[in-house]
Structure formats: C-alpha cells, structure tokens
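[1] any chance you can model this:
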Amino acid sequence: MAPPSSKHPLRAPFTPEIITSIRSLLQLEEPLDAAIFACMSVCFWCVVRLGKFTVPNLKAFNPSKNITHAAVTLVCD
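    Sure, this is the predicted structure:
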C-alpha cells in the first residue's frame, strides 16, 4: 500500500477529442511536432501516463535509461 504522501491528485483523462484538437495545432512536417504527436498517440493508445514515457527536462535525460535516436532502427522483411 502506498503512503498518502506518494499519491497525486486525480487528473482529467485525455480523450480522442483532446488528441484530435491538439493534432489540429501541430504541423506534422516539423520533426518536433511529429515527435510530440507520436508520443501522445503512443501514450494514449498504450494507456500510460505521459510522465512515465518522457523525461521532465533535458537535464533529466539519461541515454542509458532513455531511448535515443541512434537506438531506433528500421528492419524490413
């Protein structure tokens, strides 16, 4: 059982409508916007909290724990 001090207040859930409204503000041709939308989509459809999928800031990034561009590969059969 988690101690009361470790509990966070409830937050409103993301919905498909919220994702769609955010998507309408993004330019998917821009790498940053495409990455933001990809991250939101994965988090939404895989049912994870965004804070568990991303780092809070650049200083918190640790290449031994967080995925890097160099670690991503495309393999075709």
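[2] now the residue nearest in space to the middle of the chain: which helix or strand?
    When C-alpha atoms, centre = their mean is applied to the chain, the residue found nearest the centroid is Cys39 (3.7 Å). Using DSSP states H and E, Cys39 maps to helix 31-45.
[3] quick one on the thing from earlier: could you check how far the residue nearest to the centre of the chain is from Pro3?
    30 Å (C-beta to C-beta, to the nearest Å). Every residue, glycine included, has its C-beta placed from N, CA and C.
[4] quick one: Ala2 and His8, what's the gap?
    10 Å.
[5] where does the chain dip in pLDDT?
    The chain contains residues with pLDDT under 70 at 1, 48-53.
[6] redo that, cut-off 80
    1-8, 10-14, 46-54, 66-69, 71-74, 77 (pLDDT under 80).
[7] and the helices in it, which stretches?
    Assigned by DSSP state H, the chain shows helices spanning 16-23, 31-45, 50-53.
[8] dump these to a markdown table, plus distance to Val72.
    Formatted as a markdown table, these follow (distance: least, C-beta to C-beta, whole Å):
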| stretch | distance to Val72 |
| --- | --- |
| helix 16-23 | 22 |
| helix 31-45 | 11 |
| helix 50-53 | 15 |
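[9] between these, which one is closest to Ala70.
    helix 31-45 (15.2 Å; C-beta to C-beta).
[10] returning to what we had before: check which helices and strands the helix holding Cys39 is in contact with.
    Here helix 31-45 touches helix 16-23, helix 50-53, going by 3 or more C-beta pairs under 8 Å, 6 or more residues apart in numbering; DSSP states H and E.
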